[in-house]
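In: Here is a sequence with its predicted model. Questions after.
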Amino acid sequence: MKAMDRRTFFETTARGAAAATLFHIVPRHVLGGTAFAAPHEKLNIAGIGVGGMGAGNLRHLQSENIVALCDVDTEYAAKTFQEYPNAQVYTDYRVMLEREKDLDAVVIATPDHTHAVIAMAAMRAGKHVYCQKPLTHTVHESRRLAAFAKETGVCTQMGIQGHSGRDARQVCEWIAAGAIGKVHEVITWCSLSYYPWGHAYWSSPLGARPEEAPPVPDTLDWDLWLGPAPYRPYHPTYHPLTWRSWWDFGCGMMGDRGAHTLDPVVWALNLGAPETVEANSTNLNPETHPIATIVRYQFPARGDMPPVTLSWYDGLEPPRHPDVENPRDLGDGEGGALFVGENGLLTCGTYGNSPRLLPKAKMDAFTPPPETIERVSGSHEMDWVRGCKSGTPAGADFTYSGPLTETALLGNIAKRFPRTILRWDAETMTFKDNPDATAFINPPYREGWSL
């Protein structure tokens, strides 16, 4: 059969004997909605923010058509541009969305503070969206994206690749099968730190903005890079590699590794919104994320699951649990999770990887339960492609990853109010009796930007 135009596809229906009927799809830019591609068709995909992690995402999508690339820094993204010589190149994602009428889907891998505005614009244009973690920079943005994704029906996916792995599914199955009994506590951590932050290499004091004001490179659109963030002069300490350590641009280690490590915890324990969150931090200042932090959440009972205390450590390792024989048995060397149940312990790595029961003798005697969660064939990115073509949700769609991101970002707010118990009201999106903390739920955008 000859290749068909992208605006038509075959749909097979059963009427006694199988029969094929030819339909014409009205382009989505005419309908204002989402038309799903037939399974055999290739998606037309654009990458937005392709100099770093976005380049890696696109390599997992080379079975599809990479038709457009967008980056505010043409020098940083030059290598990726060269890998796809037939793709149209843009600096402004808004121009790209307007011009690329046959675009099906976008991959977003920009700094955290621009995720929401780009993802929302793409969904409004009827595009499927893959967005790197953390989904958003603020709690309000996460709530809005999750709701709008559900309303539009586009296929979405947050870039937490462990969610599509076999190991994270095993964690859920083992917990559900009662391998360690009912879980009442989980300890999570990442021992890495951003210290010394990028600005530590310059003359400004730690925790302060750079004093130098170098010229903006000709290859960088600094205003677009800032997006909705408050204006500040360009400095190479922000872009391209150290933006995540700055409050205005990144979500810190909790948004970085925490988005991965909290995933199997939220998934396995069916955690909803926490009741309270509190934190303590080192070197607290209004510009950069702390060097080290401890965050503690309290979650209510869920059905027959008991209340859970969830702790997060970044920049340091947690104290040794009294039932752990050897701390080296925990996590994966950089981070992980420890589930504390009434009948034992379960640990896994940063991405839910290498789950095992403790002590070792318990693992040696353990017979894993039957697989009850469908396994993903291929990469996390291709699970999203499957969803785009089938009309069924991807594993970490925004209705799941939005609340997951909210949990992480509530911890970031708690860092700003050390040794203070913040009581969260998820329905009103406020902290009870703490308007100062509530102000960080939806901080204002720079003039000219909106969600």
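Out: Good, I have the coordinates. Numbering: from 1, shown residues only.
In: ok, now how distant is the residue nearest to the spatial centre of the chain from L262?
Out: The centroid of the chain falls nearest to K133 when counting by Cα atoms, centre = their mean (2.2 Å). For K133, the distance to L262 (Cβ to Cβ, to the nearest Å) stands at 10 Å. Backbone N, C-alpha and C define where each C-beta goes, glycine included.
In: do E406 as well
Out: For E406 relative to L262 (Cβ to Cβ), the value is 11 Å.
In: go on, M123?
Out: Using Cβ to Cβ, M123 is found at 24 Å from L262.
In: neighbour-wise, which of those two wins?
Out: Using other Cβ atoms under 10 Å as the criterion, M123 and L262 rank with L262 on top: 25 against 22.
In: Could you say which helix or strand holds that one?
Out: For L262, the host element (DSSP states H and E) is helix 258-269.
In: Need the residues that contact that helix.
Out: Contact with helix 258-269 is made by 133-134, 158, 160, 162-163, 168, 171-172, 175-176, 183, 186, 188-190, 271, 299, 302, 305, 308, 310, 312, 314, 335-337, 339, 348, 350-352, 396, 403-405, 407-408, 411, as judged by Cβ atoms under 8 Å, 6 or more residues apart in numbering.
In: elements contacting the helix or strand immediately after that helix in the chain?
Out: Toward the C-terminus, helix 258-269 is succeeded by strand 276-281 as the next helix or strand (DSSP H and E). Other helices and strands packing on strand 276-281, by 3 or more Cβ pairs under 8 Å, 6 or more residues apart in numbering; DSSP states H and E, are strand 293-299, helix 398-415, strand 422-425.
In: Would you mind checking the contacts of helix 258-269 for buried ones?
Out: 133-134, 158, 160, 162-163, 168, 171-172, 175, 183, 186, 188-190, 271, 299, 305, 308, 310, 312, 314, 335-337, 339, 348, 350-352, 396, 403-405, 407-408, 411 (16 or more other Cβ atoms under 10 Å).
In: could you show me where the helices are in the stretch 351-451 of the chain, in order?
Out: 360-364, 380-390, 398-415, 435-438 (DSSP state H, counting those that start in this stretch).
In: between those, which gets nearest to T74?
Out: helix 380-390 (24.2 Å; Cβ to Cβ).
In: List the buried residues for the closest one?
Out: For helix 380-390, by 16+ other Cβ under 10 Å, it's H380, E381, M382, D383, W384, V385, R386, G387, C388, K389.
In: biggest separation within those residues, which pair?
Out: The widest separation within those (Cβ to Cβ) is 15.6 Å, between H380 and K389.
In: before we move on, the earlier item: so of the helices and strands packed on strand 276-281, which one's packed in deepest?
Out: Counting by mean count of other Cβ atoms under 10 Å, helix 398-415 has the highest mean neighbour count of the helices and strands packed on strand 276-281, with a mean of 26.
In: Taking their axis directions, that one and helix 258-269 sit at what angle?
Out: 120 degrees (axes from the mean of the first three to the mean of the last three Cα atoms, to 10 degrees).
In: Mean confidence (pLDDT) on helix 398-415, please.
Out: On average, the pLDDT along helix 398-415 is 98.
In: so what secondary structure elements neighbour it?
Out: Helix 398-415 sits against helix 139-152, strand 156-159, helix 252-256, helix 258-269, strand 276-281, strand 293-299, strand 422-425, with contacts defined as 3+ Cβ pairs under 8 Å, 6+ apart.
In: about what we covered before: just the buried positions in the helix holding L262, please.
Out: Per 16+ other Cβ under 10 Å, helix 258-269 contains these buried residues: G258, A259, H260, T261, L262, D263, P264, V265, V266, W267, A268, L269.
In: Model confidence score at the fifth one, please.
Out: The pLDDT attached to L262 in the predicted structure is 98.
In: quick one: it and N57, what's the gap?
Out: Counting by Cβ to Cβ - L262 and N57 are separated by 21 Å.
In: Over to the last one?
Out: Distance check for L269 against N57: by Cβ to Cβ, it reads 29 Å.
In: which regions of the stretch 201-350 of the chain sit below the pLDDT cut-off?
Out: In the predicted model of the stretch 201-350 of the chain, residues 201-207 satisfy pLDDT under 70.
In: can you pull out the strands in it?
Out: 276-281, 293-299, 308-314, 335-341, 344-348 (DSSP state E, counting those that start in this stretch).
In: what about those, which gets the closest to P444?
Out: strand 276-281 (22.9 Å).
In: partners of the closest one in the sheet?
Out: Partners of strand 276-281 in the sheet, by DSSP bridges, are strand 293-299 (antiparallel), strand 422-425 (antiparallel).
In: now those strands in a markdown table, with distance to K415?
Out: Output for these, formatted as a markdown table (distance: least, Cβ to Cβ, whole Å):
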| stretch | distance to K415 |
| --- | --- |
| strand 293-299 | 6 |
| strand 422-425 | 11 |
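In: Which one of these lies nearest to L103?
Out: The nearest among the strands paired with strand 276-281, by Cβ to Cβ, is strand 422-425 at 38.0 Å.
In: Restrict the closest one to CA atoms and write it as PDB.
Out: Extracted in PDB, the C-alpha atoms of strand 422-425 (Å, rounded to 0.1, in the frame of the first residue of the first chain):
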ATOM      1  CA  LEU A 422       2.900  24.000  57.600                       C
ATOM      2  CA  ARG A 423      -0.600  22.600  57.500                       C
ATOM      3  CA  TRP A 424      -1.700  22.000  53.900                       C
ATOM      4  CA  ASP A 425      -5.200  22.400  52.600                       C
END
